[in-house]
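S.K.: Model the following, please.
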Amino acid sequence: HQGPKPKVLLETSAEALEGMLGVGGDAASMSQIEFGAQQVLLVREQAAKERLPACFDSCLVMTILESKGLEFDDVFICNFF
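M.R.: Residues are numbered from 1 along each chain as shown. As a prediction, this is how the structure comes out:
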């Protein structure tokens, strides 16, 4: 597959991620990404999933274990390392 190369954003705040994904408040109208069924926000463990701000409640958020065997067009990894 010859898709775009992954991009790594180090030290990205929850607010910046919110704006990039277009979730919550005015961020949705400013984002160039339409977050939908083909995108997932992955976290390392259930505790990290529970710590995400409420603005991500409308996003598909999964742990690595929950996402095993599934495919998505866009994968965002949050606070993983």
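
S.K.: same for the lengthiest helix in the chain, what does it pack against?
M.R.: The residue-count maximum for a helix in the chain (DSSP state H) belongs to helix 14-21. Contact analysis of helix 14-21 by 3 or more C-beta pairs under 8 Å, 6 or more residues apart in numbering; DSSP states H and E lists helix 27-30 as its packing neighbours. Glycine gets a C-beta too; all of them are placed from N, C-alpha and C.

S.K.: what ranges do the strands span in the protein?
M.R.: For the chain, strands defined by DSSP state E occupy the ranges 39-43, 61-63, 74-77.

S.K.: model confidence over the shortest one, on average?
M.R.: Just to be clear, that refers to strand 61-63. Averaging pLDDT along strand 61-63 yields 93.

S.K.: cool, the first one as well?
M.R.: Taken as a whole, strand 39-43 has a mean pLDDT of 88.

S.K.: what bits of the protein have low per-residue confidence?
M.R.: The chain contains residues with pLDDT under 70 at 1, 9, 21-37.

S.K.: if we can go back for a sec, just the CA coordinates for the longest helix of the chain, please, in PDB.
M.R.: Provided in PDB are the C-alpha atoms of helix 14-21 (Å, rounded to 0.1, in the frame of the first residue of the first chain):
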ATOM      1  CA  ALA A  14      -5.400  17.200  24.700                       C
ATOM      2  CA  GLU A  15      -6.500  20.600  23.400                       C
ATOM      3  CA  ALA A  16      -4.400  20.400  20.300                       C
ATOM      4  CA  LEU A  17      -5.600  16.900  19.600                       C
ATOM      5  CA  GLU A  18      -9.100  18.000  20.100                       C
ATOM      6  CA  GLY A  19      -8.600  20.700  17.400                       C
ATOM      7  CA  MET A  20      -6.900  18.300  15.000                       C
ATOM      8  CA  LEU A  21      -9.700  15.700  15.300                       C
END
